[in-house]
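In: Mind folding the following:
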Amino acid sequence: MLFRLFLAFTLIPVGEIYLLVKIGSYVGALNTVILVIVTGFTGAFLARLQGLQVMYRVRSSMIRGEMPSGELVDALLIFIAGIVLLTPGFITDIAGILLLTPYIRMHLKRLAMERIKDWIKNQEVRVTYY
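Out: Numbering: from 1, shown residues only. Down below sits the predicted model:
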């Protein structure tokens, strides 16, 4: 786990800087900065819009008396997308936009739900409450 975090916190920023320099050499520094700002604002807007939609679905599930587990995983993925989109850079923007794409998020949600079910089945998750 520590090695993965090390790679994430070293390779991703190095890749972002490399890509920003490469794109900046083609379109210019100011245009690159404007592009990063526009993708950040657009992503934040989309994350907010989709987040509100998911919250309405959570609310309607709760009113019907159902557990909104799928909607909560959607909300988590949208939250992660919003955080990633606010991080400056093109790699993180692409990752955030992919997380906001409903088709890709549907597959990631299915994988996350399967992983959570496996954790529960194998009793690898412990919840303590008072």
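In: use CA for all of it now, contacts and neighbours both
Out: OK.
In: Could you list the buried residues of stretch 53-73?
Out: Using 16 or more other C-alpha atoms under 10 Å as the test for burial, stretch 53-73 gives 54-55, 57-58, 68, 70-73.
In: and the next element down the chain from the helix or strand that contains residue 94?
Out: Per DSSP states H and E: residue 94 is located in helix 90-100. Next helix or strand after helix 90-100 toward the C-terminus (DSSP H and E): helix 102-121.
In: Just the buried residues of that next one, please?
Out: For helix 102-121, by 16+ other C-alpha under 10 Å, it's 105-106, 108-109, 112.
In: Can you tell me which of the buried residues of stretch 53-73 is nearest residue 21?
Out: The shortest approach to residue 21 among the buried residues of stretch 53-73 belongs to residue 73, at 35.5 Å (C-alpha to C-alpha).
In: helices or strands next to the strand or helix carrying that closest one in the packing?
Out: Applying DSSP H and E as the criterion places residue 73 in helix 69-86. Using 3 or more C-alpha pairs under 8 Å, 6 or more residues apart in numbering; DSSP states H and E as the contact test, the elements touching helix 69-86 are helix 29-64, helix 90-100, helix 102-121.
In: gap between residue 65 and residue 88?
Out: 40 Å (C-alpha to C-alpha, to the nearest Å).
In: Tabulate the buried residues of stretch 53-73 in CSV, adding columns for pLDDT and distance to residue 7.
Out: Below are those laid out as CSV (pLDDT from 0 to 100; distance: C-alpha to C-alpha, whole Å):
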residue, pLDDT, distance to residue 7
54, 92, 32
55, 91, 34
57, 90, 36
58, 90, 35
68, 82, 34
70, 84, 30
71, 87, 31
72, 88, 28
73, 89, 26
